[in-house]
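Novice: need coordinates for the below:
(2 chains)
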Amino acid sequence: MQLTFFHIQLAFESPPDDPWRRELRELIAGLHPRQSANDKRAFYGRFTRVVAGRLPQLRRVCWDLVRTSSARSEFDEWVADLEDTSDVPGPSRGDGEPRHQVVTFLVLATRGRNADRALGDVCDLPEEVWLTRRTIAGLIAVLPVLSYTSVAADAVYLQPGLSSPASVQPGMTAEELDVGWDHLAAVTG
Amino acid sequence: MSEHAKRFERVAFFDDPVLVGARWWHPGAEAEIATDSRRKVMMILGGVIGIPVLCGLATTCDTEPGEADPMAGRTIGALELQRSQGWDVGATGALWGDKAGFVNTDLFGTQGWRARVATLARDLVAVDRHHAWQLPTLLQMPASPANASLARAIQPLRDRQVGQGWWIGGGLVRLLLLAPGAPEDLLIVLDLPGPIAVGAAAAMSRTHVPVWILDGCPHPRGTVPWQRTLGALLFFHQWLTAPQSGPAPAPHRPGVVVLDGNRLKAPSASANEFDNRSLARLPNAAALTSAGYHKVLLVTDGGKDRDDLNPQLAAWASAGIDIRLLSTDNFIGVMRHNGASTPPVELQPDEVDALFAASSEAPFDPTLFAPLGQAASQEREFWSSLAYGSRPAEPVHHGHVHSSAWRFSVRAVSVHTFGQVRYRSWVPWRSSSGSRSGSWGRSSGFGSG
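Specialist: Numbering: from 1, shown residues only, chains lettered A, B, ... in the order given. So this is what the prediction gives:
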């Protein structure tokens, strides 16, 4: 079976004490370890609604739809990179600088089935609009309506995290994004 | 596949100062994979997931019941999606942008329509020999509990198109009534933009029975503005349900099939739209002849039949049904009201007001809608004067219309929440590049920030 890999990574400007971050975290942490397809759609409906509410603060983005034989390996690579936190430095100082919260979605879908076709449709865009907020809104909005029956794996991540009010992470500065997330491109509209 | 296999298993979870995240694996997808491919997937995912995968597999052996996925194993249509999740699926709370022409009162200047929004289908679908032909999806939609917001939002429509339709319908009635040679076994098919078609059908409703074949539903970002057709129906509701007085008792009146000519409207190239287009479904030739029809007059705009009608009309013609075509392009411009003046092709708002005001205060008089520029003899010979040249050819498949109409369902799932995404449902996904990217490669330093 062939697979399709879709990913989208978003960097939002967000102050360290932004309650929006906590809202996102609680949505993820509150999920039951088992999810039906309907549960999936409901979760992504709630989650993407919260994310979409911050699109005006979206600063950088990357997304991709991989429909080649490398889909599985690219999913593998993204997961490994995201979940390997061993080399993550501690919070930087950068007092007063704007901070960023990174949100990432990954979907591995069965090629040719409904989820893949839906993803293919929303990603079929002229290059000039690839990085606009309107496009991004469309891309994340497809997540709640995918047919998860044909999704093999999915994931959602927040960077930095926040495990307790006492350990709030300030988020990345623009300079840190330039170094660690240089694959992210500035939104164009 | 067992029910529990349909569930996603969380195979990784992070909640610390560096990362919050969850990753899920779906055993159900595995069931669709050939055995060897399944092993590959498990190897690949296992390479990342490691022990959590094994835990996940173990838990799938539990007998916890799963939930049925309504989208499982089938293609869900746009209309089906709207039926199951509401008319505004994906754009909940939004409304259509074009509100021009929507008013608070109906043809008679009352608000009685408010109590009839949910009973449109029951009120307007005639139970007669045409009943089985009716496809009143649009009329049924406001009655659905899932569409309460639609029922609250919809209003009567009174705009120029509704006026044009009213005018066209009146003119057709005049022609048919005054023409001694008008065939009795004639079925009229109105294939016009929805408000025009409804207006025309309303004007003809004293002599003909409207047969609603409106298989669509509004959407806040729909390609087809079904809400305008629905609004026109509300505008004429009281007129259409008023006690009928006409030359023939209702059960014996001929039918006038009402189609929405916007049903195949081309999606905008730049806007984000929900593909709520649909195909017209006409009765077959045998049904027509058994109902007593041997002639069909297709009233349409643009001078030719629409793509989805073409094969059906060709089948009718092959079965011996005599089909002729009347274009409103030439018709609207030669109508007049009260015999006073030549109206413009497009009515002005005050003319629409005057038209409906006169109609609501006096009995409907089709002689008001006289075609200008035609001698009475031409009127009387109107049927025989219609050209045969418009007989439908053999089915012509233009490809994009048919394929998109039949295949739009899956694609609709993908577009219904974002009015921003360019949407071309008939264009196959371009797979040659294999990747459509907003990124330019990912750095090796990813995740290390």
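
Novice: quick one, what contacts the residue lying closest to residue B:24 once chain neighbours are set aside?
Specialist: Leaving out its chain neighbours, the residue that sits closest to residue B:24 by CB to CB, 6 or more residues apart in numbering or on different chains is residue B:8, at 4.2 Å. Placement of C-beta: from N, CA and C, glycine included. If you count contacts by CB atoms under 8 Å, 6 or more residues apart in numbering or on different chains, residue B:8 has them with A:34, A:35, A:36, A:37, A:39, A:40, A:148, A:154, B:24, B:25, B:26, B:28.

Novice: which pLDDT value belongs to residue B:8?
Specialist: Residue B:8 is assigned 88 on the pLDDT scale.

Novice: go on, residue B:2?
Specialist: On the pLDDT scale, residue B:2 is placed at 52.

Novice: what about residue B:209, how many neighbours?
Specialist: Using other CB atoms under 10 Å in any protein chain shown, residue B:209 has 22 neighbouring residues.

Novice: got the phi and psi for it?
Specialist: The phi/psi pair for residue B:209 (degrees, to the nearest 10) reads phi -100, psi 120.

Novice: ok now do it, which residues does it touch?
Specialist: Residue B:209 sits next to B:126, B:128, B:130, B:250, B:253, B:254, B:255, B:256 when contact means CB under 8 Å, 6+ apart.

Novice: ok but the last one is inside a strand, no?
Specialist: To tie it back to what came earlier, the one meant is residue B:256. Yes - the assignment for residue B:256 is a strand, going by DSSP: H, G, I helix; E, B strand; the rest coil.

Novice: who does it bridge with?
Specialist: residue B:188, residue B:210 (DSSP bridges).

Novice: show me what contacts it?
Specialist: Contacts of residue B:256 by CB under 8 Å, 6+ apart are B:187, B:188, B:189, B:190, B:200, B:201, B:204, B:208, B:209, B:210, B:211.

Novice: can you rerun that using 7 Å?
Specialist: B:188, B:190, B:201, B:204, B:208, B:209, B:210, B:211 (CB atoms under 7 Å, 6 or more residues apart in numbering or on different chains).

Novice: hmm, which two among the residues you listed are most spread apart?
Specialist: By the measure CB to CB, B:190 and B:209 form the most distant pair in the contacts of residue B:256, at 12.7 Å.

Novice: before we move on, the earlier item: now, of the contacts of residue B:256, which are buried?
Specialist: Buried subset of the contacts of residue B:256 (neighbour count, 16 or more other CB atoms under 10 Å in any protein chain shown): B:188, B:190, B:201, B:204, B:208, B:209, B:210, B:211.

Novice: not counting sequence-adjacent ones, nearest residue to the fourth one?
Specialist: Among residues not flanking residue B:204 along the chain, residue B:169 sits closest, at 4.5 Å (CB to CB, 6+ apart).

Novice: ok, the helix or strand bottoming out on mean pLDDT in chain A near chain B or not?
Specialist: Lowest by mean pLDDT, DSSP states H and E among the helices and strands of chain A is helix A:174-180, with a mean of 80. Yes - applying CB under 7 Å from any CB of the partner chain, one finds helix A:174-180 touching chain B at A:176, A:179, A:180.

Novice: distance check, residue B:215 against residue B:321.
Specialist: As judged by CB to CB, to the nearest Å, residue B:215 and residue B:321 stand 22 Å apart.

Novice: right, I mislabeled it, should have said residue B:158
Specialist: 36 Å.

Novice: the two: who's more crowded?
Specialist: residue B:158 (27 against 18).

Novice: ok and the residue in chain A nearest chain B?
Specialist: residue A:180 (2.5 Å; CB to the nearest CB).

Novice: spell out the secondary structure type for the residue positioned nearest the centre of chain A.
Specialist: Centroid-nearest residue in chain A: residue A:104, 1.9 Å away (criterion: CA atoms, centre = their mean). Counting by three-state DSSP, the backbone at residue A:104 sits in strand.
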